[in-house]
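Peer 1: structure for the following, please:
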Amino acid sequence: MNDIYDPEIQTDQEQPLTMFQRFQLKLAESRFFMLSCVIHAVLVILAGSIVLYKAVTEPPDFVAEGGDGLISATEDLSSPPETPAEAVPTEQFTPQTPNINSPTIDVISTTTQTSSFKVAPAQVQVKITTNAADLAKATGNVQKTMAGGLGGLPDTMSGRVGTGRAKAMETNKMKSKTEQAVLRGLAWLQQNQNADGSWGDGTKGAMTGLALLCFLGHGETPESPQFGLTVNKAVQWILDNGTKNEGRLCMTKAFSQPGVYEHGICTYALGEYYTMTKDERVIELFKQAISYIVQGQGPGGGWMYSYDKTANDLSVSGWQIQALKAAHLSQLNLPDVDKALDKAVKYIEDVKGSKGGYGYRTAADKYSLTGVGILCRLFWKGERGQLRKGMEWLLEETEKDKPVKYKGEDADLYAWYYHTQACLMFGGTAWTKWNRWFQDEICDVQNPDGSWPKPGGKGHGPQSTDSMAGKVYRTSLCILMLEVFYRYMPTTQG
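Peer 2: Numbers count the residues shown, from 1 in each chain. Purely as a prediction, here's the structure:
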């Protein structure tokens, strides 16, 4: 009983085992344990050898270099990879008839949510290389301002890009053929731009300003794939020549009688360009140009030929007001801009006629200028109720005596440019009627090459001349009319 109980070593013998017998039993029992230890030790040694061999002979999957990225160890780092050379496009082109037709332009099918609008690539895709250093900041700001469709654009200009355009086109009842006409017109302007970036063969300040407004109205900037170089060359021409002429965008050393029109139109375009791109290159020139308009305002609140302050003219004033509104939207907070617009409102009301229309220099009801007065008032603190009488008179005159007929004897593109915008901004029945009158009429008379022919009436400006200035003038005004659906959001929506 004093022996330790161990069932593994019990025998049949009743007598206890000797010391030697116990040693033999223990040795037999342990031989299996020792064999297991030896086998496990061999396996461990073999596994360690394999790991050590792989660590010595095989490289890691990636090698870190510079702390910023990972470079594959299988790449040959002795020399940089070859990059295929890009073809350098030529910047010289000969004006030609654009080859644009329905199959190459996928026009939008609008919804209230998204846009499927696509612009067909140009015949030659142009990579902007002119003044690349100067454009670096401009295109960077374009991405910030226009990114995501709206970006930094004012609400009233949000219809120019992205889903904002799709919504505006649907809401304002723009037809597919109308956008096709706009694209054909822009292509014609692109192909007939002068080599120096301007347009026309006379009054280049006005023609260049009008053409640039057309591209900006369509949301085009220096980084646009199809029209980017065209926009950049136009802006560069304005910068170079405007600076040379100390901020006078009529591109002369003094303001002539028509020079105030040129200056107002070109300043208007430069202001829109800055608002859309935040291109800091143009700020100083734009400031100078606006200061001429502010200082040229007469005591009565309007503007006159040569910025003569002894009288006021609503036709001249209309372009100065549009330029000042562009300055207001730029958010540059230029001195006295809002104050000048407030004074202009007083002048506009002073030339309102008894029927609600507007006159040149005194109170009157002039059909050709009523759109100017209504639009400028809606642009700046105007209320629809205050303008209803004038709008009703304009529509009555159109229906009764002055139908919107391109080949008619009363055709006046200058007046229609203002009427179209005024009716859209006013909205309601005014827009419904005008849209029914003008949209098909302007689209259907477009030339196959994208330009517009001479109208039936004499109208204002060079609309009936055979010169290049005349062609650019009427084509630009027609494009701006057709872009009205998205160029500026109506006050009732924006």
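Peer 1: what comes into contact with whichever strand or helix holds Ile442?
Peer 2: Element membership for Ile442 (DSSP states H and E) is helix 428-444. The contact list for helix 428-444 (C-beta atoms under 8 Å, 6 or more residues apart in numbering) reads 172-175, 177-178, 181, 391, 395, 398-399, 403-406, 416, 419-420, 422-424, 452, 478, 481-482, 490, 492. Where C-beta positions appear, they are placed from N, C-alpha and C, glycine not excepted.
Peer 1: using PDB, list the CA coordinates for it.
Peer 2: Extracted in PDB, the C-alpha atoms of helix 428-444 (Å, rounded to 0.1, in the frame of the first residue of the first chain):
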ATOM      1  CA  GLY A 428     -45.800  84.100 -68.400                       C
ATOM      2  CA  THR A 429     -47.900  84.800 -71.400                       C
ATOM      3  CA  ALA A 430     -45.300  87.300 -72.700                       C
ATOM      4  CA  TRP A 431     -42.800  84.500 -73.100                       C
ATOM      5  CA  THR A 432     -45.200  82.000 -74.400                       C
ATOM      6  CA  LYS A 433     -46.300  84.300 -77.200                       C
ATOM      7  CA  TRP A 434     -42.800  85.600 -78.100                       C
ATOM      8  CA  ASN A 435     -41.300  82.000 -78.100                       C
ATOM      9  CA  ARG A 436     -44.000  80.900 -80.500                       C
ATOM     10  CA  TRP A 437     -43.200  83.800 -82.800                       C
ATOM     11  CA  PHE A 438     -39.400  83.900 -82.800                       C
ATOM     12  CA  GLN A 439     -37.900  80.400 -82.200                       C
ATOM     13  CA  ASP A 440     -38.900  78.700 -85.500                       C
ATOM     14  CA  GLU A 441     -38.500  82.000 -87.500                       C
ATOM     15  CA  ILE A 442     -34.900  82.500 -86.500                       C
ATOM     16  CA  CYS A 443     -33.900  78.800 -86.800                       C
ATOM     17  CA  ASP A 444     -35.500  78.100 -90.100                       C
END
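Peer 1: what comes up buried for that helix?
Peer 2: Ala430, Trp431, Trp434, Asn435, Trp437, Phe438, Gln439, Glu441, Ile442, Cys443 (16 or more other C-beta atoms under 10 Å).
Peer 1: not counting sequence-adjacent ones, nearest residue to Ala326?
Peer 2: Once flanking residues are discounted, Ala326 sits nearest to Gly271: 3.0 Å by C-beta to C-beta, 6 or more residues apart in numbering.
Peer 1: the one you found reaches Ala327, doesn't it?
Peer 2: Yes - Gly271 lies in contact with Ala327 (C-beta atoms under 8 Å); the separation is 5.3 Å.
Peer 1: name the residues contacting each of these two.
Peer 2: Listed as contacting both Gly271 and Ala327 by C-beta under 8 Å, 6+ apart are Phe286, Ile290.
Peer 1: tell me which helix or strand Tyr292 sits in.
Peer 2: If you go by DSSP H and E, Tyr292 is part of helix 283-296.
Peer 1: and what of Pro222?
Peer 2: Pro222 is part of no helix or strand when elements are defined by DSSP H and E.
Peer 1: now swap in Glu179 and tell me
Peer 2: Following DSSP H and E, the helix or strand that holds Glu179 is helix 176-191.
Peer 1: what of Asn241?
Peer 2: Per DSSP H and E, Asn241 falls inside helix 228-244.
Peer 1: elements contacting that helix?
Peer 2: Judged by 3 or more C-beta pairs under 8 Å, 6 or more residues apart in numbering; DSSP states H and E, the packing partners of helix 228-244 are helix 204-217, helix 259-277, helix 283-296.
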